[in-house]
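Student: I'll drop the sequence and a predicted model, then ask my questions.
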Amino acid sequence: MNEQVIGTIISVDGPVVKARGMSMAGVADQAEVGDQGLVGEIIMMTDKEATIQVYEDTTGIRPGQKVVSLGRPLSVELGPGLVGSTFDGIQRPLERLAAASGDFIATGIKAPPLDRDRRWQWKPLVSEGADLAAGSIIGEVPETTAVVHRVMLPPDVSGKLIWIAPPGEYRVADKAAVVELSSGEKVELPFFHRWPVRRARMLGKRLSPSEPLVTGQRVIDFCFPIAKGGTAVIPGGFGTGKTVTQHQLAKWADADVIVYIGCGERGNEMTQVLEEFPHLKDPRTGRPLLERTVLVANTSNMPVTAREASIYTGITIAEYFRDMGYHVALMADSTSRWAEALREISGRLEAMPAEEGFPAYLASRLAEFYERAGIMQFANGKTGSVSIIGAVSPPGGDFSEPVTQHTRRFCRTFWALDKALASERHFPSINWNNSYSGYINDVDRWRKEKWPGDPWNALRTEAMRLMQQEDRLQRVVRLVGPDALPDDQRLILGVAEIIKRGFLEQSAFDEIDSYCPMPKQIKMMDCILHFYHRGAEALKTGMNIVALMELDVVDRLRRMKADIANDKLEVFDEIRKQVDQQTQALVKEYA
């Protein structure tokens, strides 16, 4: 760590402050700006002056006041107390700040991110004299009923353990261990450590994502899956359901820890998140979902520079839990607001604008963020992952705008929200013709290794083929009407409608339909496609398509998503039998 450097402010332009007398400071150093000590970061240096972006409101800052470079990068505190907390973009604890200053946070107010007074029950896991590698787990703290916090050595510390705290209750700033480095230096370690937010934590061996991240949302799990350690983007215009979709993913995703970043969203939407999350029930434990969630809230009326930092704060926290051996799902809502922050800052720095005014480095910044996703295997045999699901809010729903286009280059899964589907109250409004997943083959191999003969990919392929045929037939229908089509093509239209209404459409507010496990998804699609096959055979005997689509079992196929409990899979076998019985009876009637 460098020594502190003190300079003098010479100009203030919104969140951009320039200071002289700081030639000994370095780019990326954290700084305290003005008499109030506002949090800032040095982003550019010349031989005469430093340019600092400030993460708080600079009202009242004026030339002549001092700037102090702390000699370390902008960092977050990582230790017990993260889970269940709500932070702003620079990891200030919003609940404690609200208690100190009211609903509107006072400029310059400070509080340590991790509560220094709370005591935690500590259980050491290693013995004195052990040789420890960077990132080694040295003990545990039961942080919540859902998450056991594994206290680790920082990624830049390794050596011989010469002392460790005995079992008992400790504060996060208390001494946890003493490690002797290879140089002979002895380092005292508390129960937390700091890590620069813009530097990825790399402690293990990166693996190829293959195990699916099950979300309980049929259009995602069945049609366009994401793997643990993978990346996905949800682009959609206003009102298409991005936030509700991310809430569903946060609630139901097969992840141990959820990190939710509200990046530049409207205050009322973020308020809804903050009000709902404490009351959402975790389906795993029956306890509040907040007991395995970390919230980073940075609304549109908060300083724009803190919005830019919030993405890095969230991903660093996610990597920390990954290094413990947990599977983490990170939701970023939305990266468009983050990109707008980059545009505003670059404009104030008089940087040359690129497409639509965004900085030329937009693509590289997006790549840096999404590349921090991944699944890692550690020396202790544990694996952990960070899956990133980022929402994009293209103006007017235009997917050709720069943020959407650059993001889809770096994300292997694309869940395109459709304004027309949302207007029809079809949710999730993910358009099956415009979406895709690059994890299909990886997930299929993983599933077949675990369950030989797994029918998922075969069912998915046939269902998607029917939906593509239906899209082409709809163009003909708009010209000549459905009655002009032969019966086999009208059957495709009818079955596609069952798939849309009875399978792809899913209610987030229905007690049964809100979550659909993968075995139920496979049974549902198997029943729908079984009806299609039996119907196609029946039509060859001269049966009328209208009579086929009026069978009682058709209505049951449409309603089975909410009528059949998730653990009553045997009911689907009865539906298959009903399909056979009713189509056979109809064939006899027309014989």
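Tutor: Ah, there it is.
Student: stretch 261-279: which residues count as buried?
Tutor: Counting neighbours by 16 or more other CB atoms under 10 Å, one finds that the buried residues in stretch 261-279 are 261-265, 270, 272-274, 277. Every C-beta, even on glycine, is put in place using the N, C-alpha and C of the backbone.
Student: tell me where the stretch 51-200 of the chain has helices.
Tutor: Taking DSSP state H, counting those that start in this stretch, the helices of the stretch 51-200 of the chain run over residues 94-101.
Student: quickly find the element holding residue 520.
Tutor: Under the assignment given by DSSP states H and E, the secondary-structure element containing residue 520 is helix 518-539.
Student: list the contacts of that helix.
Tutor: Taking contacts as CB atoms under 8 Å, 6 or more residues apart in numbering, the residues outside helix 518-539 that touch it are 212, 214, 218, 221-222, 455-456, 459-460, 462-463, 466, 487-488, 491, 495, 498-499, 502-503, 516, 545, 548, 553-554, 557, 560-561, 564, 566, 569, 572, 575-576, 579-580, 583, 586-587.
Student: filter these down to the ones in helices?
Tutor: Using DSSP state H, 218, 456, 459-460, 462-463, 466, 487-488, 491, 495, 498-499, 545, 548, 553-554, 557, 560-561, 572, 575-576, 579-580, 583, 586-587 are the members of the contacts of helix 518-539 that sit in helices.
Student: picking up where we left off before, are any of the contacts of helix 518-539 buried, and which?
Tutor: 212, 214, 218, 221-222, 456, 459-460, 463, 466, 487, 491, 495, 498-499, 502-503, 516, 545, 548, 553-554, 557, 560-561, 564, 572, 575-576, 579, 583, 586-587.
Student: hang on, residue 190 packs against residue 178?
Tutor: No: contact between residue 190 and residue 178 fails when scored by CB atoms under 8 Å: they sit 11.0 Å apart.
Student: the one helix or strand in the chain whose mean pLDDT sits lowest packs against which elements?
Tutor: Between all helices and strands in the chain, the lowest mean by mean pLDDT, DSSP states H and E belongs to helix 267-276, at a mean of 70. Contacts of helix 267-276 with other secondary structure elements, assessed using 3 or more CB pairs under 8 Å, 6 or more residues apart in numbering; DSSP states H and E, are made with helix 242-252, strand 257-263, strand 293-298.
Student: residue 173 is nearest to which of those?
Tutor: Distance to residue 173, taken as CB to CB, is lowest for strand 293-298 among those, at 20.1 Å.
Student: the closest one pairs with which strands, and in what direction?
Tutor: Based on DSSP bridges, the pairing partners of strand 293-298 within the sheet are strand 86-87 (parallel), strand 257-263 (parallel).
Student: can you list the low-confidence ranges for the stretch 151-300 of the chain?
Tutor: By pLDDT under 70, the low-scoring segments of the stretch 151-300 of the chain are 267-268, 274, 277-278, 283-284.
Student: where along it do the strands fall?
Tutor: Taking DSSP state E, counting those that start in this stretch, the strands of the stretch 151-300 of the chain run over residues 159-164, 168-170, 175-180, 186-190, 193-196, 205-207, 231-235, 257-263, 293-298.
Student: mind listing residues that contact the second one?
Tutor: With contacts defined as CB under 8 Å, 6+ apart, strand 168-170 is touched by 119-122, 176, 191.
Student: one more time with 7 Å
Tutor: If you take CB atoms under 7 Å, 6 or more residues apart in numbering as the criterion, strand 168-170 is touched by 119-122, 191.
Student: could you do the last one as well?
Tutor: Taking contacts as CB under 7 Å, 6+ apart, the residues outside strand 293-298 that touch it are 82-89, 94, 258-264, 270, 274, 277, 306-307, 310, 313-314, 317.
Student: give me the mean pLDDT for whichever helix or strand comes after it.
Tutor: Reading on from strand 293-298 to the C-terminus, the next helix or strand found by DSSP H and E is helix 304-323. Helix 304-323 shows an average pLDDT of 92 in the prediction.
Student: tilt between the very next helix or strand once past helix 304-323 and helix 267-276?
Tutor: Scanning forward in sequence from helix 304-323, with DSSP H and E defining helices and strands, the next element found is strand 327-333. Interaxial angle of strand 327-333 relative to helix 267-276 (axes from the mean of the first three to the mean of the last three CA atoms, to 10 degrees): 150 degrees.
Student: thinking again about what came up before, among the buried residues of stretch 261-279, which pair sits farthest apart?
Tutor: Of all pairs drawn from those, the greatest distance, 18.5 Å, lies between 264 and 277 (CB to CB).
Student: over to the closest residue to residue 412 other than its chain neighbours: give its phi and psi.
Tutor: Taking CB to CB, 6 or more residues apart in numbering as the measure, residue 412 lies nearest to residue 438, with 3.3 Å between them; neighbours along the chain are not counted. With angles defined as degrees, to the nearest 10, residue 438 sits at phi -90, psi 10.
Student: right, and residue 438 touches residue 410 too?
Tutor: No: assessed by CB atoms under 7 Å, residue 438 is found out of contact with residue 410, at 11.2 Å.
Student: gap between residue 93 and residue 297?
Tutor: Distance, residue 93 to residue 297, using CB to CB, to the nearest Å: 11 Å.
Student: helices along the stretch 301-450 of the chain, start to end?
Tutor: In chain order, the stretch 301-450 of the chain shows helices spanning 304-323, 335-348, 362-370, 402-410, 419-423, 440-450, with DSSP H, counting those that start in this stretch as the criterion.
Student: report all helices and strands that the longest one contacts.
Tutor: Counting contacts by 3 or more CB pairs under 7 Å, 6 or more residues apart in numbering; DSSP states H and E, the secondary-structure elements packed against helix 304-323 are strand 75-78, strand 257-263, strand 293-298, strand 327-333, helix 335-348, strand 383-392.
Student: may I have it exported as CSV, CA atoms only?
Tutor: As requested, C-alpha coordinates have been extracted for helix 304-323 and formatted as CSV (Å, rounded to 0.1, in the frame of the first residue of the first chain):
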residue,chain,number,x,y,z
VAL,A,304,-24.2,8.6,-11.2
THR,A,305,-20.6,7.6,-10.4
ALA,A,306,-21.7,5.3,-7.6
ARG,A,307,-24.0,3.6,-10.1
GLU,A,308,-21.0,2.9,-12.2
ALA,A,309,-19.2,1.4,-9.2
SER,A,310,-22.2,-0.7,-8.0
ILE,A,311,-21.7,-3.4,-10.7
TYR,A,312,-18.1,-4.0,-9.5
THR,A,313,-19.2,-4.0,-5.8
GLY,A,314,-21.8,-6.6,-6.5
ILE,A,315,-19.6,-8.9,-8.6
THR,A,316,-16.7,-8.8,-6.1
ILE,A,317,-19.1,-9.9,-3.3
ALA,A,318,-20.4,-12.7,-5.6
GLU,A,319,-16.8,-13.9,-6.3
TYR,A,320,-16.1,-13.9,-2.5
PHE,A,321,-19.0,-16.3,-1.9
ARG,A,322,-17.9,-18.4,-4.9
ASP,A,323,-14.5,-18.8,-3.4
